[in-house]
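> Test case, fold it:
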Amino acid sequence: MATYRGRLMVAAPWSGSGKTTLTLLLLAGLKARGLRVQSFKVGPDYIDGTYHTALTGRPARNLDLWMGGGPDDVFRQLAFGEAGADISVVEGVMGFFDSGAPDGVDISTAQVARTIGAPVILVVDGSRMAESAAALVYGFSHVPGSPGVHGVILNQVAGLGHYQLLERAIRAQTGIPVLGYVPKKSDLAIPERHLGLVPAAERQELARRVTKAAHAALETLDWDRILQIASSAAPLPREAVPPVPPRPGPTIPVALAQDEAFHFYYAANLEMLASLGAELLPFSPLRGDPIPEAARLLYVGGGFPEEFLPRFQELGTAHAGYRARLAAGLVTLAECGGYLWLAQSLAVGSGPPVPMVGVVPAVMRLEPRLQAIGYRTVSAREGGPWPAGTTFRGHEFHNSRVVKADPHPEAWSTRGRRGDGTDGFLTGTVVAGFTHLYFPSNPHAVATLLAFSAGR
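Residues are numbered from 1 along each chain as shown. Purely as a prediction, here's the structure:
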């Protein structure tokens, strides 16, 4: 039985201050102290969570007040994630009070901290500041609506003298404890690629470097005070956690594409499938594994197949097998990277197109610039596994685009902050598109998809 040690929210005045770096240091450092550590990410991002998981060995979870429809889903994800853990660390999103959700919903780091009662550690980039840092900390702690700042960690500090100057000013002007600093170290930089994505080998290398840095941070961070602040978070009240629905009797085999090219799945999605009776059967499209014969549903999530085009170039026989299974009526849900995988071909920039599975009659290309980002409400169009108008909430984030396509039915009508549109490809059994669906936004529709698959 885990010993409850509380939770922490890692926040920052603005993006780029070092939230992810500090979160990784805290995860590695707390684990080095023998604690079972669970991580969470505020908002829809699934990329930072892959870094978290590489360090903790536990699936990271998202806490999103919009995608899940409100606090109940946040409490559920928090409760399920913290089961068996000693302490949890929540990485915020954007700036402390920034909120990018539609409908005026406040999904900011500050609002999530208030909702879950997590004490806040503010990461401040001290590289270009001295005494002015005190005014910054005071403002973020005392602005109306702030949940308060319980501690400060300074990032990008030039040395002990610089740290002492910053610490004295913050302590004198705000009374908020400074919990230490992270020195300027180029080897702590997170590798950057398009969308910030890095393959598994690089995530493992990052985990190794962060773990080494966390041991060094034993001398520059006040770990006892950090644990003391975490312990001020009260356990979730029992009534705040909705009950888990009972698992149905018969299981439904679901093939899950899972390898270096396809691994972006919300933990809540996989958990919901299992709770509704799915038996997840992982296989690797990158290695040409056949789709498990027993599968009644194929789920291909996001990832970056474009990073492995030379390997996909060699999988013509496997791709023919995939086409045959889908043509035979295997129900399929493909999101973003999975959508690219099903296309006729995929190219990176001006590079040559590489044949893909060939189910979607479209040519895809990865561009240097971001093509879409933001929350989406998607509604199913006529002719697929769901009744027309079935809605999900989700998120879109990609550099890829459809270069050309034969006329075909589209899977989704979409709505976002920039207006309405359409997305994807649809047949009676295949639903593919760029949006990453968040299953807890419509559990009934997930159950409908499983029942539809089982009945074929």
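> May I see the buried residues of stretch 155-174?
155-157, 162-163, 165-167, 169-170, 174 (16 or more other CB atoms under 10 Å). C-beta: built from backbone N, CA, C; applies to glycine.
> Likewise for stretch 121-129?
Using 16+ other CB under 10 Å as the test for burial, stretch 121-129 gives 121-126, 129.
> now stretch 91-109: mean pLDDT?
Mean per-residue pLDDT for stretch 91-109: 90.
> Ok, stretch 393-403 next?
On average, stretch 393-403 scores 95.
> got the end-to-end distance for it?
26 Å (CA to CA, to the nearest Å).
> And stretch 399-412, by the same measure?
Using CA to CA, one end of stretch 399-412 lies 19 Å from the other.
> that older thread, specify which member of the buried residues of stretch 155-174 is nearest to residue 288.
residue 155 (44.0 Å; CB to CB).
> what helix or strand is that closest one on?
If you go by DSSP states H and E, residue 155 is part of strand 151-157.
> Report the next helix or strand after that strand in sequence order.
helix 160-174.
> Look up phi and psi at the residue nearest to residue 46 when sequence neighbours are not counted.
Spatially, and ignoring its direct neighbours in sequence, residue 46 is nearest to residue 264 (4.8 Å; CB to CB, 6 or more residues apart in numbering). Backbone torsions for residue 264, taken as degrees, to the nearest 10, come to phi -90, psi 100.
> what does residue 275 give?
Backbone dihedrals for residue 275, given as degrees, to the nearest 10, come out at phi -70, psi -20.
> pLDDT score for it?
Residue 275 is assigned 92 on the pLDDT scale.
> give the contact list for the residue lying closest to residue 288 once chain neighbours are set aside.
Leaving aside its sequence neighbours, residue 288 sits nearest to residue 318 (CB to CB, 6+ apart; 3.5 Å). Residue 318 makes contact with 285, 288-290, according to CB atoms under 8 Å, 6 or more residues apart in numbering.
> Please tell me how far residue 318 sits from residue 324.
Noted for residue 318: a distance of 11 Å to residue 324, by CB to CB, to the nearest Å.
> Summarise which helices and strands the strand holding residue 155 is packed against.
When contacts are defined as 3 or more CB pairs under 8 Å, 6 or more residues apart in numbering; DSSP states H and E, strand 151-157 sits against helix 19-32, strand 120-125, helix 160-174, strand 178-183, helix 223-230.
> Compare the ones you listed and give me the one nearest residue 104.
For the helices and strands packed on strand 151-157, the distance to residue 104 is smallest for strand 120-125, at 23.2 Å, taking CB to CB.
> Pairing partners for the closest one, with directions?
strand 7-11 (parallel), strand 151-157 (parallel) (DSSP bridges).
> Residues touching the last one, excluding its own?
With contact meaning CB under 8 Å, 6+ apart, strand 151-157 is reached by 17-18, 21-22, 119-127, 133, 137, 163, 166-167, 170, 176-184, 221, 225-226, 229.
> how far does it sit from the chain's center?
25 Å (CA atoms, centre = their mean, to the nearest Å).
> That strand to helix 160-174, inter-axis angle?
150 degrees (axes from the mean of the first three to the mean of the last three CA atoms, to 10 degrees).
> I'd say residue 134 and residue 178 touch.
No - Residue 134 lies out of contact with residue 178 (CB atoms under 8 Å); the separation is 10.1 Å.
> Mutual contacts of these two, please.
Here residue 134 and residue 178 share the contacting residues residue 170, scored by CB under 8 Å, 6+ apart.
> Was I right to think residue 418 contacts residue 375?
No - in this structure, residue 418 is not within contact of residue 375 by CB under 8 Å, at 10.9 Å.
> more neighbours, the two?
Neighbours were counted for residue 418 and for residue 375 using other CB atoms under 10 Å; residue 375 has more, 24 against 8.
> quick one, helices of this protein?
Ranges of helices in the chain, per DSSP state H, are 19-32, 47-56, 71-82, 109-116, 132-142, 160-174, 200-216, 223-230, 267-275, 309-313, 316-327, 337-342, 443-454.
> winner for burial among these?
Of the helices of the chain, the one with the most neighbours on average (mean count of other CB atoms under 10 Å) is helix 337-342, at a mean of 27.
> what's in contact with that helix?
So helix 337-342 is contacted by 257, 261-262, 264, 285, 299-306, 332, 334, 346, 356-360, 364, 400, 424-425, 430, 432-434 (CB under 8 Å, 6+ apart).
> Let me know the average pLDDT across that helix.
Per-residue scores along helix 337-342 average to 98.
> Kindly report the same for stretch 26-46.
Rounded mean pLDDT across stretch 26-46 is 92.
> Using PDB, write down the CA coordinates of that stretch.
C-alpha atoms of stretch 26-46 as PDB (Å, rounded to 0.1, in the frame of the first residue of the first chain):
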ATOM      1  CA  LEU A  26      11.600  16.300 -10.000                       C
ATOM      2  CA  LEU A  27      10.400  13.000 -11.400                       C
ATOM      3  CA  ALA A  28      13.900  11.600 -11.500                       C
ATOM      4  CA  GLY A  29      15.000  13.100  -8.200                       C
ATOM      5  CA  LEU A  30      11.900  11.800  -6.300                       C
ATOM      6  CA  LYS A  31      12.300   8.400  -7.800                       C
ATOM      7  CA  ALA A  32      16.000   8.400  -6.800                       C
ATOM      8  CA  ARG A  33      14.800   8.900  -3.200                       C
ATOM      9  CA  GLY A  34      12.900   5.600  -3.400                       C
ATOM     10  CA  LEU A  35       9.400   7.100  -4.100                       C
ATOM     11  CA  ARG A  36       6.900   5.700  -6.500                       C
ATOM     12  CA  VAL A  37       6.200   8.800  -8.700                       C
ATOM     13  CA  GLN A  38       3.100   9.400 -10.900                       C
ATOM     14  CA  SER A  39       3.100  12.200 -13.500                       C
ATOM     15  CA  PHE A  40       0.300  14.200 -15.100                       C
ATOM     16  CA  LYS A  41       0.200  16.800 -17.800                       C
ATOM     17  CA  VAL A  42      -2.300  19.700 -17.800                       C
ATOM     18  CA  GLY A  43      -4.100  20.000 -21.200                       C
ATOM     19  CA  PRO A  44      -4.200  17.800 -24.300                       C
ATOM     20  CA  ASP A  45      -0.500  17.400 -24.900                       C
ATOM     21  CA  TYR A  46       0.700  13.800 -25.100                       C
END
